[in-house]
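*Asks:* Need coordinates for the following:
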Amino acid sequence: MQLDVKTIFFITGLLVSTTGMVLWGLAATGRFDRWLKYWGISNLFAGSGVLLLTFRDQIPDIFSIVVANMLTISGYFLLMVTVHRLYHRKVAWQPHLLLLAVTTAFFLVMQDSSQFYSERAAISAAICGFYCALVAHTTRTIAREEDISSAYLVTGIFIFTALVFGLRMLAALTDHMGGESVFSPGGVNMWMILLAAIVTPLWNMSMLLMIMERINRNWIGRALRDPLTSALNRAGLSAAMENAIQGQSDKSSTALLLVDIDHFKQVNDKLGHAHGDELLRMFSDMVRSHLRGSDLFARQGGDEFVILLPGSGEKEGREVAERLQKAFTQPTWKIKTADIAPTLSIGLAVTKTDQLPQSLHSLLQQADAALYQSKQGGRNRITSVQIA
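*Replies:* Residues are numbered from 1 along each chain as shown. This is a model prediction of the structure:
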């Protein structure tokens, strides 16, 4: 079956360019983060580069070869920038811009359309495949760290695309492209171009799914978290509790720590609420650094926090409480300059893990009673109680 390769190129370029213009238009509204602008430009660049390729032998080679290839490669580079921005990861611009500059120099030297076809194909395939691999690596990280299932789909598509580019590079290096021109019908080149025409809209759709799922999760996360400390709120604690105890043995115990910051009111009264908020954020960051991935950390209200330790008994819970008390005294030197030395009073209660969903309320009451004893006993203490 003979296919018009130029038509495939033109339709692909037109579709990708149109997608880029739509995304750019959305970014121009100012209602989205900068990653949307990069995503729009990446599609616009890649699509424009493919469209320019279709005018080979009709316009000067510097436009149909050098500019066309560099726009396409820059589109893949900006796609990598998009997912990095989406993940809030910095991009080391200098080495990538250097790579693009060197690649431009190579294409300027090899811009004659009557020769260097295989060399140009190998270079462009290698660099585009490299950026596809970087995109796949970042989206896989997003999938694993943020539990975004659609990110696995994006990862799979870009891994496949990187492999296709790798095969194209090998075909070019071994003179198996199936013709002397990018528009030659049949052969490996044509089928790879056909695959690209199919995969390109797929990766845009899959990225849209990933972004929508991520935004949805972020909004849900905001509803279940305290905005000041990023700790879970009460609803978030209840929602996360069932997942946290899954896989735990029926005979295991779960420890609950109810933590109160001593002298917190003095901090607010003498130093101001801004300093009090900073102390709460500092405390929350410190707690998270001492907990396991399966542990839960929630703000009960004011300066009172809940820590749930699945699979831990009274001994393990007390050890965690002691570590937190010790760690909390280290970064508070700014507070001490105002003759205030905040410490932690902690109430500890333990129950069987399989009874936790039904006994959470009574467990909190027990821990609250234990916390009251710690306060009455002089503060900076740990008081524990164990319920059946």
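
*Asks:* Okay, now the unreliable bits of the chain?
*Replies:* Across the chain, the ranges flagged by pLDDT under 70 are 1-3, 186-187, 218-222, 243-250, 331-338, 386-388.

*Asks:* can you give me the helices in it?
*Replies:* 5-28, 34-53, 61, 68-86, 93-109, 117-146, 149-173, 187-223, 234-245, 264-271, 273-289, 314-328, 333-336, 356-376 (DSSP state H).

*Asks:* closest to V350 out of those helices?
*Replies:* helix 314-328 (4.9 Å; C-beta to C-beta). From N, CA and C alone the C-beta is placed, and that goes for glycine too.

*Asks:* could you check the angle helix 273-289 makes with the closest one?
*Replies:* Here helix 314-328 points in a direction 140 degrees away from that of helix 273-289 (axes from the mean of the first three to the mean of the last three C-alpha atoms, to 10 degrees).

*Asks:* Give me the contacts around helix 314-328.
*Replies:* If you take C-beta atoms under 8 Å, 6 or more residues apart in numbering as the criterion, helix 314-328 is touched by 253, 255-257, 259, 283, 286-287, 290-291, 307, 309, 312, 342-344, 346, 348, 350, 380, 382, 384, 386.

*Asks:* among the helices of the chain, which is nearest E180?
*Replies:* helix 117-146 (6.1 Å).

*Asks:* Now find how far off-centre the closest one is within its chain.
*Replies:* Here helix 117-146 is found 17 Å from its chain centre; the criterion is C-alpha atoms, centre = their mean, to the nearest Å.

*Asks:* Repeat that for stretch 103-116.
*Replies:* On C-alpha atoms, centre = their mean, the centre of stretch 103-116 falls 38 Å from the chain's centre.

*Asks:* For that stretch, buried residues please.
*Replies:* T103, T104, F106, F107, M110, Q111, S113, F116 (16 or more other C-beta atoms under 10 Å).

*Asks:* Equivalent analysis for stretch 316-332, please.
*Replies:* Buried positions in stretch 316-332, judged by neighbour count with 16+ other C-beta under 10 Å: G317, R318, V320, A321, L324, Q325, F328, T332.

*Asks:* if we can go back for a sec, mark which of the contacts of helix 314-328 are part of strands, please.
*Replies:* 253, 255-257, 259, 307, 309, 344, 346, 348, 350, 382, 384, 386 (DSSP state E).

*Asks:* and which of those residues is nearest F55?
*Replies:* I307 (64.8 Å).

*Asks:* beta partners of the closest one?
*Replies:* On the basis of DSSP bridges, I307 is bridged to L257, F297.

*Asks:* thought it was touching L256?
*Replies:* Yes - counting by C-beta atoms under 8 Å, L256 is a contact partner of I307 at 7.1 Å.

*Asks:* What about H273, how many residues nearby?
*Replies:* As a burial measure, H273 scores 10 neighbours (other C-beta atoms under 10 Å).

*Asks:* no, scratch that, I was asking about F283
*Replies:* Residue neighbour count, defined by other C-beta under 10 Å, stands at 24 for F283.

*Asks:* And for F9, nearest residue in space, chain neighbours not counted?
*Replies:* T54 (4.8 Å; C-beta to C-beta, 6 or more residues apart in numbering).

*Asks:* Just read off the phi/psi values of that neighbour.
*Replies:* Here is the backbone geometry of T54 (degrees, to the nearest 10): phi -70, psi -10.

*Asks:* Report the contact partners of it.
*Replies:* Here T54 is in contact with K6, F9, F10, G13 (C-beta under 8 Å, 6+ apart).

*Asks:* what's the spacing between it and P342?
*Replies:* 69 Å (C-beta to C-beta, to the nearest Å).

*Asks:* tally of neighbours for Y372?
*Replies:* 15.

*Asks:* Wait, it touches S345, no?
*Replies:* No - taking contacts as C-beta under 8 Å, Y372 lies outside contact range of S345: 9.0 Å.

*Asks:* ok so, going back, show the buried residues in the contacts of helix 314-328.
*Replies:* Taking 16+ other C-beta under 10 Å as the criterion, what is buried in the contacts of helix 314-328 is 253, 255-257, 259, 283, 287, 307, 309, 312, 342-344, 346, 348, 350, 380, 382, 384.

*Asks:* got the contact list for L79?
*Replies:* Neighbour list for L79: Y38, W39, S42, A46, Y131, V135 [criterion: C-beta under 8 Å, 6+ apart].

*Asks:* How many residues are close by E145?
*Replies:* By other C-beta under 10 Å, the residues close to E145 number 10.

*Asks:* Please read the previous query as pertaining to K375.
*Replies:* 16.

*Asks:* and what of S48?
*Replies:* Residues within reach of S48, counting by other C-beta under 10 Å, total 20.

*Asks:* Identify the residues contacting it.
*Replies:* G13, S17, L71.

*Asks:* nearest to L98, of the residues you listed?
*Replies:* Distances from L98 to those, taken by C-beta to C-beta, are shortest for L71, at 18.1 Å.
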